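got a structure for you, letters missing:
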Ligand SMILES: Nc1nc2c(c(=O)[nH]1)N[C@@H](CN(C=O)c1ccc(C(=O)N[C@@H](CCC(=O)O)C(=O)O)cc1)CN2
Ligand SMILES: [Mg+2]
């Protein structure tokens, strides 16, 4: 039986619709229109696509948004000063700085400059620390998107062995923390693998739920997957393809056709976890606006 395809576009559309309803309710009850500031440094084409898509999704959900463009050579001091201004600007309940940043800028310093109450990307150490400790926090968008796809498709991680391949600050590490929480959507047994893991296939074959998040096209082959596993592909890689109008196509970290032949369920690329990342960002921005009302009571 070919795998069930978990359609991230559809699940994200459901979530965005819930956000739109929440925004309308908040405004109708006299609350503020949620606002999101997106900061884009430089002209990385993929980042440009993601930020524009975030702006469009905001508009559709009734969220006010503005994109702040900075040149690739901007100094770190000037970027920090923009963030200081946005922290003060009451039109914006959420701030995101699109990653990656140019090499001369220290990402950790920039992320830490965002006021944690506006950290709708869930990347600030305070947000991540709170999440790790099981306290209410903005959840990082991609990990939360993975959790939502699992839950909304009927695959509760509780008691399951989740193997995550990749240990980035943006996906692997926070996803492990999220899925091991003693709360709904958590309670998984989590193993994190990385470049120094010995006998990776031996471990990935033990996964009930396998998450590929290492950024290497097609790296998860069929022999690394147990029959009947649920496979979540977080990788979004551009590979050259002269037959395509854009000159490239998108592929995940999973050898899709081969793995789909033996998995119970699989997320495609594109149309899997990527759209969820944006939907969760909107949801976090709505939450930030709601919290601003509570904080001003
Ligand atoms: N500040 C942040 N930077 C980055 C994040 C993040 O969550 N916060 N995540 C990624 C990029 N990203 C969001 O920013 C992102 C990536 C992909 C998609 C998406 O919808 N992809 C589509 C394909 C889009 C295309 O045509 O290229 C899909 O997978 O179907 C959304 C958001 C790194 N940076
Ligand atoms: Mg850097």
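Looks like it arrived, so ask away. Note that the coordinates shown come from a computational prediction; the quantities given were computed from them, not determined experimentally. Ligands and ions are numbered 1, 2, ... in the order given.

okay but residue 39 is in contact with residue 68, surely?
Yes: counting by C-beta atoms under 8 Å, residue 68 is a contact partner of residue 39 at 4.8 Å. C-betas here are computed from N, CA, C, even on glycine.

so what sits against both of those two?
82, 86 (C-beta atoms under 8 Å, 6 or more residues apart in numbering).

Tell me the confidence at the closest residue to residue 240 other than its chain neighbours?
Of all residues not flanking residue 240 in the chain, residue 248 sits nearest, at 5.6 Å (C-beta to C-beta, 6 or more residues apart in numbering). Predicted confidence (pLDDT) at residue 248: the value is 96.

The one 10 residues further on too?
At residue 258 the predicted local confidence, pLDDT, stands at 98.

Residue 296 now?
83.

So the residue nearest to residue 240 sits against residue 238, correct?
Yes: taking contacts as C-beta under 8 Å, residue 248 lies within contact range of residue 238: 4.4 Å.

who's in contact with the nearest residue to residue 44 once chain neighbours are set aside?
Once flanking residues are discounted, residue 44 sits nearest to residue 100: 7.3 Å by C-beta to C-beta, 6+ apart. In this structure, residue 100 makes contact with 44, 47, 107, judged by C-beta under 8 Å, 6+ apart.

Helices - which of those residues land there?
Judged by DSSP state H, helices contain the following of those: 47, 107.

what about residue 39 and residue 68, which has more around it?
Using other C-beta atoms under 10 Å, the more surrounded residue of residue 39 and residue 68 is residue 39, with 22 against 17.

ok but the more buried one is inside a strand, no?
Yes: judged by DSSP: H, G, I helix; E, B strand; the rest coil, residue 39 forms part of a strand.

Over to the residue nearest to residue 240: give its phi and psi.
phi -150, psi 170 (degrees, to the nearest 10).

just residue 162 next, same as before
phi -100, psi 120.

Next: the one 5 residues further on.
Backbone geometry at residue 167, expressed as degrees, to the nearest 10, gives phi -130, psi 40.

Burial check on it, number of neighbours?
18.

any idea how far the residue lying closest to it once chain neighbours are set aside lies from ligand 1?
The shortest distance from residue 167 to any non-neighbouring residue, by C-beta to C-beta, 6+ apart, is to residue 194 (4.5 Å). Per C-beta to the nearest ligand atom, to the nearest Å, residue 194 is found 18 Å from ligand 1.

pLDDT score for residue 194?
pLDDT, residue 194: 97.

again with residue 253
Model confidence at residue 253, given as pLDDT, is 98.
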